[in-house]
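1. fold the following, please.
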Amino acid sequence: MQHLVFLALLTGFAQPHFHDARDQIPMTADAIFSAAIDVSKEPWTSKYGPQSDLGFSGPLSFSHLEYKRCLEDASLPFDIGLIGFPFDTTTSYRPGARFGPFAIRSGSRRQMGGGSKGWTLAWGSSPFNQGSSVLDCGDVPLSAYDNAKALDQMEAAYDTLLSRPVLGGIDEMYKERTKQFALDGKEHPRIITLGGDHTVVLPILRSLNKVYGPVSIVHFDAHLDTWPPRGTTKQESITHGSFFAVAAEEGLMTNTSIHAGIRCKMMGLEDIEHDDTVGFQVIATDDIDDYGIKKVIEKIRQRIGDKPVYLSLDIDVVDPGLAPATGTPEVGGWTTREVKRILRGLTGLNFVGFDIVEVAPAYDHADITGIAAADIVHDFLSMMLVNEPPKPHVGPFSKDDWIL
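-> This next block holds a predicted model:
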């Protein structure tokens, strides 16, 4: 029996409490073992120091951030949370985006978040050094067999995270950014969702609506995703191509939303006319050639104004030559550099949340799509924390050299 108890202690199946005779403080078995070992004098630590993770080693969390299963563990407050929605059972072409959260986290391993390690020339700052606590909250365990249940699970998970108190004022650099828009007048955490197919946005908007009311959408995608719901059952009508139309019917969106990067095949002009009734304007992929990046940024900012805004980015907005791992690829897309440049130009809008969706790594090679998606998430973090777009890099240039 004594052997069984000792085995349980070693394997973690039992954690009985012991008491230190000196101060009567309860001690767990873990504490007893660790108290008996001076790690600093052991061969590894005395010679090489802490057991720090490398870019290609350690547990898988986004950019090596602190990781908690936040839905069951509320012990660590956060201002920005990352959550995975591994869901792909409403896709119309190639499935596989349920593995998207894994691929994005894997693609982030070199980024090594924390402290000032995320500093870039493009931003002139690091999102991990702006006074906010960022936490990877893991993935939501979603039903792979019942879409209605999965959508409800996503909404419940998002509700849970939105209702958590922010860490906030612990850091004097922290700035309140959502309080002015919240219906309850309180500051709420902001969530970056790792999809998952694009239908995951519907439960997210349902959840955001409870806190902010209708929000505007900036939608980066090759496809409209506003097609009228079709099908013989209610659940069949909710897909990754109709969810915005459903959200509009439910009153979750303003009529001042905008697409960026559209280039898909359509039935005809009537699809664009219907899209307008849902509340969107369209920036086509080719507009970047005709009007330039600065005009694209300007028109998005004009459309959104000072309203609370949610940004949703389908990785297929990027050309499949640069991001092949997606369910519905469309040739002729923007480059990752162009997308990142536009995103930086939107900084200062009143973002209440972000997502990146439709990463399906089974169609990837050399992890390039997961790496691109992870780098875009890094931009999302800065976009939530910086007050205005970063100034152009100077180097050997001057203002006179700027392209207008």
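
2. surely Gly332 meets Asp319?
-> Yes: with contacts counted by CB atoms under 8 Å, Gly332 reaches Asp319, the gap being 6.6 Å. No exception for glycine: its C-beta is placed from N, CA and C like everyone else's.

3. compare those two (neighbour count), which wins?
-> Neighbours per residue, other CB atoms under 10 Å: of Gly332 and Asp319, the larger number sits with Asp319, 22 against 12.

4. got the contact list for that one?
-> Neighbour list for Asp319: 331-335 [criterion: CB atoms under 8 Å, 6 or more residues apart in numbering].

5. now do Pro127
-> Here Pro127 is in contact with 113, 118, 134, 378, 381-382, 384-385 (CB under 8 Å, 6+ apart).

6. again, 10 Å this time
-> Counting by CB atoms under 10 Å, 6 or more residues apart in numbering, Pro127 makes contact with 63, 80, 113, 118-120, 134, 377-386.

7. mind checking how far Val394 is from Ser126?
-> Separation of Val394 from Ser126 (CB to CB, to the nearest Å): 19 Å.

8. the more surrounded of the two?
-> Ser126 (19 against 11).

9. so what's in contact with Gly332 and Asp319 at the same time?
-> If you check Gly332 and Asp319 against CB under 10 Å, 6+ apart, the residues they both contact are 222, 261, 263, 285.

10. distance of Asp306 relative to Ser257?
-> 15 Å.

11. and if you look at Ser61?
-> The gap separating Ser61 from Ser257 is 32 Å, by CB to CB.

12. do Lys234 as well
-> Lys234 sits 24 Å away from Ser257, going by CB to CB.

13. neighbour-wise, which of Ser61 and Ser257 wins?
-> Ser257 (27 against 20).

14. show me what contacts that one?
-> Here Ser257 is in contact with 214-219, 226, 244, 247-248, 275, 278-281, 303-304, 307, 309-310, 312 (CB under 10 Å, 6+ apart).

15. ok, and the closest non-adjacent residue to it?
-> Ile217 (3.9 Å; CB to CB, 6 or more residues apart in numbering).

16. export the contacts of Asp319 to CSV and tack on secondary structure?
-> Formatted as CSV, these follow (DSSP: H, G, I helix; E, B strand; the rest coil):
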residue, secondary structure
Val331, coil
Gly332, coil
Gly333, coil
Trp334, strand
Thr335, coil
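
17. now, of the residues you listed, which are buried?
-> Buried residues within these, counting neighbours by 16 or more other CB atoms under 10 Å: 333-334.

18. and the contacts of Asp319, which is closest to Lys294?
-> Nearest to Lys294 among the contacts of Asp319 is Trp334, at 14.6 Å by CB to CB.

19. mind checking how far the closest one is from Met173?
-> Distance from Trp334 to Met173, by CB to CB: 33 Å.

20. kindly report the same for Thr326.
-> 37 Å.

21. who's more crowded, the two?
-> Taking other CB under 10 Å, Thr326 and Met173 do not tie; Thr326 has more neighbours (30 against 9).

22. which ones are touching the residue lying closest to that one once chain neighbours are set aside?
-> Spatial nearest neighbour of Thr326, chain neighbours left out: Asp316 (4.4 Å); criterion: CB to CB, 6+ apart. Asp316 sits next to 198, 220-223, 261, 263-264, 323-330, 333, 357-360, 369 when contact means CB under 10 Å, 6+ apart.
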